[in-house]
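>>> Need coordinates for the below:
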Amino acid sequence: MGIQISDNMRGAAFMTISVAAFVVNDTTMKLLADHLSIFQAIFLRGIFTSLLLAVFCLYKGNLLYRIPKGDRGLVCLRLIGEVGGAVFYLSALFHMPIANATAILQALPLAVTLAAAIFLSEAVGWRRYLAITAGFIGVLMIVRPGSDGFNEFSIYAIIAVFFVVLRDLSTRRLSVGVPSLFVSLLTSISVMVVGAVLSMTMEWRPVTVEAGGLLAMAAFFVIFGYLFSIMAMRVGDISFTSPFRYTILIWAILLGFIVFGDIPDQWTIFGSIIIVGSGVYTFYRERNLFRQANRKPDIDAMEEG
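Numbers count the residues shown, from 1 in each chain. From the prediction side, this is the model:
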């Protein structure tokens, strides 16, 4: 008799696999810094990624999808957010320890919650505002303005968070019928085109066999990560599976040490713990509020009965 695995546990496993794949992609892209300029790497990886996504879209029948008029502006905003996030995050990743860059990016759920409250008028109570504040203090502990390790690339990682917030808020407003794969294809093509344009401003280096292999590996793992993240969001309770995204820090620290010999200092570790704790509390609080909102109609119905 086979072991029965709940939807929540499957979703948690998918999320863990997804973030592990993203860290392998980041590690591979960081290794490419020894072979290619950053924008050349973004452009060439984009070719691999776009071709693979086009095949998936063709298989699903979404390759020639026509975006509804009401969603076109949102798709454009999402592309701007994705392109900006990719350029600034990879610029930071090329010049700072992978664990530090990854930890800063984990402030994203907190930033999205804050931005949703400001721009989408979503209700956020004082407890979540307190968690958001604590999370941003954790980010400051990692970047440490004024310290010897602080540089413009730390700022790039923070700027990347704001671009990805734009991406996520735009994604929230998209119609349900817009295929995720098609939007991912448009995103990949946009990043590829921007990488091609910006690569003209830097020295174009010859692509060795090793660099080509790393590019193919990065493209494979980034798509692998996308697919498993979609599967994670469609299986089980999102409030249960989402906190497992923070396992990315474990993978980032391990690969950072094994591949690059990076050992996070105490400030990075403490800051990461604060960010993770704040993020997990925010997910927990949102789950409770969602349950209370769904329970209230049932109570009202009983009272009316």
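>>> C-terminal to the lowest-mean-pLDDT helix or strand in the chain, what's the next element?
Scoring the helices and strands of the chain by mean pLDDT, DSSP states H and E places helix 238-241 at the bottom, with a mean of 70. With elements assigned by DSSP states H and E, the helix or strand that comes after helix 238-241 is helix 248-260.
>>> Report the distance from that next one to the chain centre.
17 Å (Cα atoms, centre = their mean, to the nearest Å).
>>> outside of that helix, which residues touch it?
19-20, 22-24, 26-27, 30-31, 97-99, 102-103, 106, 262-264, 272, 276 (Cβ atoms under 8 Å, 6 or more residues apart in numbering). In short, each C-beta sits where N, CA and C put it, glycine included.
>>> per-residue confidence averaged over that helix?
Helix 248-260 shows a mean pLDDT of 92.
>>> In it, which residues are buried?
Buried residues in helix 248-260, defined by neighbour count with 16 or more other Cβ atoms under 10 Å: I248, L249, W251, A252, I253, L255, G256.
>>> now swap in stretch 212-227 and tell me
Result for stretch 212-227 [16+ other Cβ under 10 Å]: buried residues 214-215, 217-227.
>>> from the contacts of helix 248-260, which would you call buried?
19-20, 22-24, 26-27, 30-31, 97-99, 102-103, 106, 262, 264, 272, 276.
>>> Which of those residues fall in helices?
19-20, 22-24, 26-27, 30-31, 98-99, 102-103, 272, 276 (DSSP state H).
>>> and of the buried residues of helix 248-260, the nearest to A232?
Nearest to A232 among the buried residues of helix 248-260: I248, at 12.6 Å, using Cβ to Cβ.
>>> got the contact list for I67?
V75, V178, F182.
>>> Count the neighbours of S6 for me.
Residues lying near S6 (other Cβ atoms under 10 Å) number 12.
>>> Which pLDDT does the model give it?
Predicted confidence (pLDDT) for S6: 76.
>>> How about G279, nearest residue that isn't a chain neighbour?
With Cβ to Cβ, 6 or more residues apart in numbering as the criterion, G279 has its nearest non-adjacent residue at 5.0 Å, and that residue is P109.
>>> just the buried residues of helix 248-260 now: which is nearest I142?
Using Cβ to Cβ, the buried residues of helix 248-260 come closest to I142 at L249, 11.1 Å.
>>> With V55 as the reference, measure out to that closest one.
32 Å (Cβ to Cβ, to the nearest Å).
>>> swap in A20?
Counting by Cβ to Cβ - A20 and V55 are separated by 23 Å.
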